[in-house]
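1. The amino acid sequence is not available; the structure is as follows:
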Ligand SMILES: Nc1ncnc2c1ncn2[C@@H]1O[C@H](COP(=O)(O)OP(=O)(O)OP(=O)(O)O)[C@@H](O)[C@H]1O
Ligand SMILES: [Mg+2]
């Protein structure tokens, strides 16, 4: 158990704006994440979710404001091994990659401290556990290039889980994953937060899934339009208001309708 840990700020983004190809993509972002939090990010296509994660990781530079990860600007070298990253393109690994699932996951466990002891037993167990958690035991020794898109995505997730990363960022990890593995994955992420005080930032279009798991939710559309407890996350009609969408029919505002759609993919 994490026990009585006093709060520790993992991420602190202040007044940040980001441009891509000259166009403003993110403006005035303020976001603080404490250790052990599970934060879900939702927003429509092109609203800047991936851009936000890439800027946090230091892969993209902000135009204004500051990003602070573990108290300093992000630097891949300093953060090596501390951060787990599951990218939106994870399922698009090259087809000719000559690496088995086990090898791929094992790569996630390499860090500065164990570079020369690839095969110690504890690491091996961790690798097998991660593979089991994402349900890929049956393809353990299969080349990654021969997996389906959803299986590859799960292999990438297993790699992040097997690493000892404290802060795990996931961009659309649920795409291409069947319902049963999806639920298992969400449960696992939740456990990692509670039992190991891991910090998780997850982008997903699957509002229902993210709502059932994240403790805190962010609605992003160029800037952060909502940031609060999951229970307080706006219903569909309020979301439409947030987005400045005029309701087409008045009856769309009734609760039964909201409830019906809340179980699907709406953003
Ligand atoms: N490599 C790039 N060069 C220039 N502009 C880009 C690039 N990638 C994305 N953009 C633009 O930045 C904006 C935000 O894109 P981003 O990928 O962050 O959105 P997103 O919320 O992750 O969308 P999705 O839900 O489709 O993944 C979009 O207008 C997009 O066209
Ligand atoms: Mg994206």
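-> Everything's here; your move. This is a predicted model, so every value here is computed, not measured. Ligands and ions are numbered 1, 2, ... in the order given.

2. can we go C-alpha only for contacts and neighbour counts from here?
-> Noted.

3. where are the low-confidence patches of the stretch 51-200 of the chain?
-> Counting by pLDDT under 70, the stretch 51-200 of the chain contains low-confidence residues at 90-95, 111-119.

4. now do 90
-> For the stretch 51-200 of the chain, applying pLDDT under 90 flags the ranges 75-99, 104, 106-126, 130, 132-135, 145-157, 160-165, 172-189, 191-192, 195-196.

5. which bits of it sit near ligand 1?
-> residue 51 (C-alpha under 6 Å from any ligand atom).

6. Look through the stretch 51-200 of the chain and state the residue closest to ligand 1.
-> Here the residue of the stretch 51-200 of the chain nearest ligand 1 is residue 51; by C-alpha to the nearest ligand atom that distance is 3.6 Å.

7. ok but that residue is inside a helix, no?
-> Yes - checked against DSSP: H, G, I helix; E, B strand; the rest coil, residue 51 lies within a helix.

8. give the contact list for it.
-> Residue 51 is in contact with 25, 26, 60, counting by C-alpha atoms under 8 Å, 6 or more residues apart in numbering.

9. for the first one, what are its contacts?
-> This points to residue 25. 17, 18, 19, 47, 48, 51, 222.

10. what about the residue nearest to it when sequence neighbours are not counted, which SS state?
-> Spatial nearest neighbour of residue 25, chain neighbours left out: residue 19 (5.3 Å); criterion: C-alpha to C-alpha, 6 or more residues apart in numbering. Of the three states, residue 19 takes strand under three-state DSSP.

11. these two touch, right, residue 19 and residue 26?
-> Yes - in terms of C-alpha atoms under 8 Å, residue 19 counts as a neighbour of residue 26; the distance is 6.9 Å.

12. if I look at those two, which residues touch both of them?
-> Counting by C-alpha under 8 Å, 6+ apart, residue 19 and residue 26 have no common neighbour.

13. Neighbour count: these two, which is higher?
-> residue 26 (23 against 16; other C-alpha atoms under 10 Å).
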